[in-house]
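>>> All I have is the shape, not the residue letters:
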Ligand SMILES: O=C(O)/C=C/C(=O)CC(=O)CC(=O)O
Ligand SMILES: [Ca+2]
Ligand SMILES: [Mg+2]
């Protein structure tokens, strides 16, 4: 029940309540929560309560939310996030709050969305067995598709946090060195094999001291929420530069994320067991046993993703096909004693499933250019052309048959400079 006019099946209903950073004409960016087709100006609503009764022993949500990024709120930690969600749910449910709250609901059409967090450290994983096998076959045809370490640890690399951008930001085609195996020498120029990677990004809150690690069973204390993430990738730059240290300039020019951070609390009902891990990983990566109604600490997520290229849906990856879980990735990235801090972001890796229609990159969809994709206007594509637009969308099951929307992660390609 709610005093809001919201259809029960709205993907941004009360069971969702994702956080973002918004502004309206002439106002400063601040934290907002999406409710239906409105943004709730939450620091203003929290201020009403603070002015009336103070914050007592609770977190000062007004102070955290009147800021232009989610980082201060992420720093407050799990208990504050839970308190905030319960309080928001009560405010939007109980009719006594309607009169004071309604003025702070801003129509989506009137807002500009900003990067929701100041990205601290950014890591990208490689957690899909199907994606890793496909890329292995394409990049290393003479070797086993999966490297020998792949099933023992979630492979990842540190990326460039300063080039993580919000959905809607254009992407300038990157320039650099490329050399095909048949070329005598490298050449310099715009990437001719510009690609996407459809991923989920996990937003980290709270912090740990250097030397400590996040145990897998404590990962929920730090996994605040989830965004859609497009890890734009220049395959020609990447294939030439990546040996032996891994991705560098082929991926560091831009990474797009969706503006709404869907909380892990909202995704409780979407937790699923992993497809299965064999061999069993080392103890620090081992989740608690799954039961009929609890997938244990190494849970996966039943998120349905859609990849649209210039208006044509070309793929529908399923996140439940991923091999490594978010908690395993967080436990792994901190197992050496690397500290975590509010605003850390890690990508899941490209989400690809077993079928062609679930591949999360164009490298795989076109099998490196050998099987071009035909779009609805009849044009054929293997990699991105200037002016192309890619939209990632996703949703997941919520409680009681509801749907949790993620919204969109959009980007268009501008010509190289
Ligand atoms: O296997 C390789 O050499 C490269 C793989 C990738 O480009 C994938 C990457 O960025 C991680 C991922 O998104 O799964
Ligand atoms: Ca990636
Ligand atoms: Mg990237």
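Done, it's in. Since the model is a prediction, treat every value here as computed from it, not as a measurement. Ligands and ions are numbered 1, 2, ... in the order given.
>>> drop to CA atoms for contacts and neighbour counts, all remaining ones
Will do.
>>> which element is the residue lying closest to residue 264 once chain neighbours are set aside on?
Once flanking residues are discounted, residue 264 sits nearest to residue 225: 4.9 Å by C-alpha to C-alpha, 6 or more residues apart in numbering. With elements taken from DSSP states H and E, the one containing residue 225 is strand 223-230.
>>> That strand near ligand 1 anywhere?
No - Strand 223-230 is not in contact with ligand 1 by C-alpha under 6 Å from any ligand atom; minimum separation 9.0 Å.
>>> In terms of secondary structure, what does that strand contact?
Here strand 223-230 touches strand 198-204, strand 255-257, strand 262-263, strand 389-397, strand 403-414, going by 3 or more C-alpha pairs under 8 Å, 6 or more residues apart in numbering; DSSP states H and E.
>>> What is the distance between the last one and the centre of its chain?
Its chain's C-alpha centre lies 10 Å from the corresponding centre of strand 403-414 when counted by C-alpha atoms, centre = their mean, to the nearest Å.
>>> With the third one instead?
The offset between the C-alpha centroid of strand 262-263 and the centroid of the whole chain comes to 10 Å, using C-alpha atoms, centre = their mean.
>>> Let me see the residues that make contact with whichever helix or strand comes after it.
Per DSSP H and E, the first helix or strand lying C-terminal to strand 262-263 is strand 271-272. Identification of contacts with strand 271-272 by C-alpha atoms under 8 Å, 6 or more residues apart in numbering yields 294, 295, 299, 300, 301, 302, 320.
>>> and the next helix or strand after strand 271-272, what's its mean pLDDT?
The C-terminal neighbour of strand 271-272 among helices and strands, as given by DSSP H and E, is strand 300-301. Strand 300-301 shows an average pLDDT of 98 in the prediction.
>>> And stretch 307-321, by the same measure?
pLDDT averaged over stretch 307-321 gives 98.
>>> Flag every buried residue along that stretch.
307, 308, 309, 313, 314, 315, 316, 317, 318, 319, 320, 321 (16 or more other C-alpha atoms under 10 Å).
>>> is it up against ligand 1 anywhere?
No - Stretch 307-321 lies apart from ligand 1 when judged by C-alpha under 6 Å from any ligand atom; the minimum separation is 12.4 Å.
>>> Span of that stretch from start to end?
One end of stretch 307-321 sits 16 Å from the other (C-alpha to C-alpha, to the nearest Å).
>>> Distance from that stretch to the middle of the chain?
The answer for stretch 307-321 is 15 Å, by C-alpha atoms, centre = their mean.
>>> before we move on, what about stretch 181-191?
Distance of stretch 181-191 from its chain centroid, counting by C-alpha atoms, centre = their mean, is 33 Å.
>>> Contacts made by it with the rest, please.
Contact partners of stretch 181-191, identified using C-alpha under 8 Å, 6+ apart, comprise 173-180, 234-237, 416.
>>> repeat that with 7 Å
Outside stretch 181-191, the residues that touch it by C-alpha atoms under 7 Å, 6 or more residues apart in numbering are 173, 174, 175, 176, 177, 178, 179, 234, 236, 237, 416.
>>> Endpoints of that stretch, how far apart?
End-to-end for stretch 181-191, by C-alpha to C-alpha: 16 Å.
>>> That one - what's its average pLDDT?
96.
>>> Including distance to ligand 3 and secondary structure, could the buried residues of stretch 307-321 go into a markdown table?
Formatted as a markdown table, the buried residues of stretch 307-321 follow (distance: C-alpha to the ion, whole Å; DSSP: H, G, I helix; E, B strand; the rest coil):
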| residue | distance to ligand 3 | secondary structure |
| --- | --- | --- |
| 307 | 17 | strand |
| 308 | 18 | strand |
| 309 | 18 | strand |
| 313 | 22 | strand |
| 314 | 20 | strand |
| 315 | 20 | strand |
| 316 | 20 | coil |
| 317 | 19 | coil |
| 318 | 21 | strand |
| 319 | 19 | helix |
| 320 | 22 | helix |
| 321 | 22 | helix |
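>>> can you list the residues of the stretch 201-350 of the chain near ligand 1?
So far as C-alpha under 6 Å from any ligand atom goes, the stretch 201-350 of the chain lies against ligand 1 at 349, 350.
>>> Low-confidence stretches in the stretch 201-350 of the chain?
Of all residues in the stretch 201-350 of the chain, none has pLDDT under 70.
>>> re earlier: out of the contacts of strand 271-272, flag the one nearest to residue 274.
residue 300 (5.3 Å; C-alpha to C-alpha).
>>> Name the residues linked to the closest one by a beta bridge.
residue 272 (DSSP bridges).
>>> Can you report how many residues neighbour it?
By the measure other C-alpha atoms under 10 Å, the count of residues near residue 300 is 23.
>>> quick one on the thing from earlier: partner strands of the strand holding residue 225 and their direction?
strand 198-204 (antiparallel), strand 255-257 (antiparallel), strand 262-263 (antiparallel).
>>> which residues touch it?
Against strand 223-230 from outside (C-alpha under 7 Å, 6+ apart): 196-205, 255-258, 260-264, 409.
>>> Beta-bridge partners for residue 306, please?
Going by DSSP bridges, residue 306 forms beta bridges with residue 393.
>>> Now do the same contact list for it.
For residue 306, the contact set (C-alpha under 7 Å, 6+ apart) comprises 313, 315, 316, 317, 392, 393, 394.
>>> Distance of the fifth one relative to residue 106?
Distance, residue 392 to residue 106, using C-alpha to C-alpha: 25 Å.
>>> next one: residue 169
23 Å.
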